[in-house]
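Enquirer: need coordinates for the below:
(one chain, ligands or ions: 1)
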Amino acid sequence: MRNKELVREALEARKQSYCPYSGFAVGAALLCGDGTVFRGCNIENAAYPATNCAERTAMFKAVSEGNTDFREIAIVGGPKGKEPKDFCAPCGVCRQVLMEFCDPDRFLVLLCKGDKTWKEFTLAELLP
Ligand code: THU
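Expert: Residues are numbered from 1 along each chain as shown. As a prediction, this is how the structure comes out:
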């Protein structure tokens, strides 16, 4: 799968975001070695620590379906109902969960603004 398609998957995933408290909608698309893509969105809760980020939703879906061979993730976030204007980087907890399953020098993180603009980082660059 090309990066552009993975970014589009993240934008689709974002539409399912449940974010009534922050109003900040995030979508993620996780590409696995066998070509499977797992989508995730943020799922908030009135008790804030119970909130799950989009990235972890995608990762936990993958692991719970038996897939731990992670290759690349696209992430897109911004105010709900609006086109994302800024790059949304994964939080520390999500970076740590990625580290559990990825080779930090090979795994790619795509931070996206829209379906045409994204920046690429290795996990090692985001979690030195
Ligand atoms: N959030 C994510 O889902 N992923 C990120 O990379 C950053 C933050 C969510 C958590 C919360 O629902 C909202 O965005 C505001 O922080």
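Enquirer: next up, the contacts around Ala89.
Expert: Ile75, Leu111, Leu126 (Cβ atoms under 8 Å, 6 or more residues apart in numbering). Backbone N, C-alpha and C define where each C-beta goes, glycine included.
Enquirer: ok so the second one is a helix residue?
Expert: Right, the one you point to is Leu111. No. Secondary structure of Leu111, determined by DSSP: H, G, I helix; E, B strand; the rest coil: strand, with no helix assignment.
Enquirer: circling back: from the contacts of Ala89, pick the one nearest the ligand.
Expert: Ile75 (5.8 Å; Cβ to the nearest ligand atom).
Enquirer: okay, now the closest one: neighbour count?
Expert: For Ile75, the neighbour count with other Cβ atoms under 10 Å is 29.
Enquirer: residues contacting it?
Expert: Residues near Ile75 by Cβ under 8 Å, 6+ apart: 10, 26-28, 54-55, 88-90, 109-112.
Enquirer: can you lay out the residues you listed as TSV showing distance to the ligand?
Expert: Shown next, in TSV, are the contacts of Ile75 (distance: Cβ to the nearest ligand atom, whole Å):
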residue	distance to the ligand
Ala10	11
Val26	4
Gly27	8
Ala28	7
Ala54	4
Glu55	6
Cys88	5
Ala89	6
Pro90	4
Val109	10
Leu110	12
Leu111	9
Cys112	11
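Enquirer: dump those residues to TSV, plus pLDDT and distance to Met99.
Expert: Converted to TSV, the contacts of Ile75 look like this (pLDDT from 0 to 100; distance: Cβ to Cβ, whole Å):
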residue	pLDDT	distance to Met99
Ala10	97	20
Val26	98	19
Gly27	98	21
Ala28	98	16
Ala54	98	17
Glu55	98	12
Cys88	94	19
Ala89	94	15
Pro90	96	11
Val109	97	12
Leu110	97	17
Leu111	97	17
Cys112	95	21
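Enquirer: right, is stretch 42-53 up against the ligand?
Expert: Yes. Residues of stretch 42-53 contacting the ligand under Cβ under 6 Å from any ligand atom: Asn42, Glu44, Thr51, Cys53.
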